[in-house]
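Pasted the sequence and its predicted model underneath.
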Amino acid sequence: MKTLPLAVLAATLLSANTAAAAERTVTLNVANATCELCGPIVKRALNRVPGVLDVQITEKDESALAKVRFDDSRADTAALIAATTEAGYPSRVEQ
C-alpha cells in the first residue's frame, strides 16, 4: 500500500526536473582569438561540452564572439568558459 504514494512522489519529482531543463543562449567574448584558425578551435572546444546544441563564431579585432545555444540541464556557462580557457582562449560572458 505504501509503494503507490512513493511511486507517485518519485514520478512527480522526476517530471519536475525535466520541466526545469531549458534551452539557453549565451554570448561569450573570447580573448586571444586573433587568427583565422582561432574561431574553428574555439568552436570545436565548445561543441565538445555535453549539452551544447549550436555554436556560432563572429570574429572581432583582438577577440571573437561565440554565441552558444545549450541545454542548461547538461551544460552551464562555467563549463563553456572552462572549455574555451582550456583551449587557450579565455572567455567571459558578453554584457
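Structure received.

all contacts plus neighbour counts: C-alpha atoms, from now on.
Will do.

And for the closest residue to residue 88 other than its chain neighbours, the neighbour number?
With sequence-adjacent residues excluded and distances taken as CA to CA, 6 or more residues apart in numbering, residue 88 is closest to residue 32, at 7.9 Å. A total of 15 residues lie near residue 32 under the criterion other CA atoms under 10 Å.

low-confidence ranges in the protein?
1-20 (pLDDT under 70).

Mind doing that once more with 90?
1-21, 34-36, 59-63, 95 (pLDDT under 90).

just so I have it, where are all the strands in the protein?
Counting by DSSP state E, the chain has strands at residues 23-31, 52-59, 63-71, 91-93.

Can you redo those strands as TSV, where the extra columns are mean neighbour count and distance to residue 83?
Below are those laid out as TSV (neighbours: other CA atoms under 10 Å; distance: least, CA to CA, whole Å):
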stretch	mean neighbour count	distance to residue 83
strand 23-31	19	11
strand 52-59	16	11
strand 63-71	21	12
strand 91-93	19	9
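
Out of those, flag the one nearest residue 41.
strand 52-59 (10.3 Å; CA to CA).

And for residue 41, nearest residue in space, chain neighbours not counted?
Nearest residue to residue 41, sequence neighbours excluded (CA to CA, 6+ apart): residue 87, at 7.5 Å.

Run through who's touching stretch 84-95.
The contact list for stretch 84-95, computed with CA atoms under 8 Å, 6 or more residues apart in numbering, reads 26-33, 41-42, 45-46, 81-82.

Swap in 6 Å and give it another go.
Applying CA atoms under 6 Å, 6 or more residues apart in numbering, the set of residues contacting stretch 84-95 from outside is 27, 28, 29, 30, 31, 32, 42, 81.

which pair in the residues you listed spans the largest distance?
27 and 32 (16.1 Å).

From residue 89, how far off is the closest residue to residue 70 other than its chain neighbours?
Excluding its sequence neighbours, the residue lying closest to residue 70 (CA to CA, 6+ apart) is residue 52, at 4.2 Å. Residue 52 sits at a distance of 18 Å from residue 89 (criterion: CA to CA, to the nearest Å).
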